[in-house]
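> 3D, please:
(one chain, ligands or ions: 2)
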Amino acid sequence: MSLKGLFNARWPGVALFDLDGTLVDSAPDLAAAVDQMLEHLGRSPAGLDKVRHWVGNGAGILVRRALAGKTDWEPARAKDDALFHDALTIFYHAYGQLNGRHSVVFEGVTECLGHLKALGCRLAVVTNKPDQFVQPLLKQTGLDHWFELAVGGDTLAVKKPDPAPLLHAMEQLGGTRGTTVMIGDSAADVNASLAAGIPCVAVRYGYNFGGSVDSLGADAVVDSLAELL
Ligand SMILES: O=C(O)COP(=O)(O)O
Ligand SMILES: [Mg+2]
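Ligands and ions are numbered 1, 2, ... in the order given. From the prediction side, this is the model:
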C-alpha cells in the first residue's frame, strides 16, 4: 500500500506512534542508565552503540539484555532472578533521574504531528516504555500536548508485539481498523500492527534491534516522518 492509500479515503482518523526510536532518540539516556546499573553491579559499561539495539521490548528485557551483554538473551536461571530484580531496581532509579536529559525529538516529527492534527486526526503514543517514564519524557521533549492518550508498557498486561495495546488505543480514540495507522521503528511495532490488522509505517532511523526495517512487512517505510505530509 502506498502512503497515499494509507492516509486518504476515510481520514482523518487515529494515528498511533511508538515513542523510543520513532518520536524521540532516547537511547543516550537509556544507555547512561544501563551503564550506571552495570557499574553499580561491578560490571563494565555497555555503551550507546549496544544499548540502542536493546531498546524496544520494555525495561525488563532491556535489563535482561544488558546483563547478558547481547540482544538474544537466554531466559534467566532461577538463581539469576535475584540479580535481575536488583538490576531492574537500580535501572529504574537511574533512569528516573536521567530520563529526557539528552533525549531529542527526531527530525520531521513535529511537522508530521502538526500536519495530522490540522487534518483533525486524533493522536496517541503506544510504547513499551514503563508508564512512569512516558509522560515525563513527553513533557521534557515538548511533545505531550499533541497526544490525547499514552499507552505505556504496563498499562495493559501485555506489550507490543501483542496487538492489544494498539487496539486499546484505537478504541479509546474512537478509531476503526480502516481509519487507524501505527507508526513505529521496530519489529515489535510492525508485528503488533500486523496482528491487530492495522496498517503500519516503519521509520528507518530508529533502533529495530540493530536490523533493517525494510522487510518486516510494514505497509510503508520512510526515512523521515516529514514524508507522511
Ligand atoms: O523498550 C522500551 O522501553 C520502549 O520502546 P518503544 O517506545 O520503542 O515501544
Ligand atoms: Mg521504538
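> Would you mind listing what in this structure touches ligand 1?
18-21, 55-59, 127-129, 160, 186 (CB under 6 Å from any ligand atom). C-beta coordinates here come from the backbone N, C-alpha and C atoms, glycine included.
> Out of the residues you listed, grab the one that's most surrounded.
Highest neighbour count within the residues of the chain next to ligand 1, by other CB atoms under 10 Å: residue 127, with 34 neighbours.
> any idea how far residue 167 is from residue 55?
Here the criterion is CB to CB, to the nearest Å. By it, residue 167 lies 23 Å from residue 55.
> Repeat that for residue 106.
Distance from residue 106 to residue 55, by CB to CB: 14 Å.
> Equivalent analysis for residue 98, please.
Separation of residue 98 from residue 55 (CB to CB) stands at 14 Å.
> Kindly report the same for residue 31.
Relative to residue 55, and taking CB to CB, residue 31 is found at 9 Å.
> what's the answer for residue 142, then?
Counting by CB to CB, the gap from residue 142 to residue 55 is 21 Å.
> ditto for residue 162
18 Å.
> can you pull the contacts of the closest residue to ligand 2 within the chain?
The nearest approach of the chain to ligand 2 comes at residue 21, 3.6 Å away (CB to the ion). Contacts for residue 21 were tallied using CB atoms under 8 Å, 6 or more residues apart in numbering; they are 27, 52, 55-56, 184-186, 203, 205-208.
> restrict those residues to those near ligand 2?
Near ligand 2, taking CB under 5 Å from the ion as the test, the members of these found are 56, 185-186.
> Which single one of the residues you listed is nearest to ligand 1?
Nearest to ligand 1 among the ones next to ligand 2 among the contacts of residue 21 is residue 56, at 4.4 Å by CB to the nearest ligand atom.
> Residue 221: what secondary structure?
strand (DSSP: H, G, I helix; E, B strand; the rest coil).
> near ligand 2, which residues of the chain show up?
Residues of the chain found near ligand 2 (CB under 5 Å from the ion) are 18, 20-21, 56, 185-186.
> immediately after the worst-scoring helix or strand of the chain on mean pLDDT, which helix or strand?
Using mean pLDDT, DSSP states H and E, helix 3-7 stands out as the lowest-scoring helix or strand of the chain, at a mean of 64. Next helix or strand after helix 3-7 toward the C-terminus (DSSP states H and E): strand 14-17.
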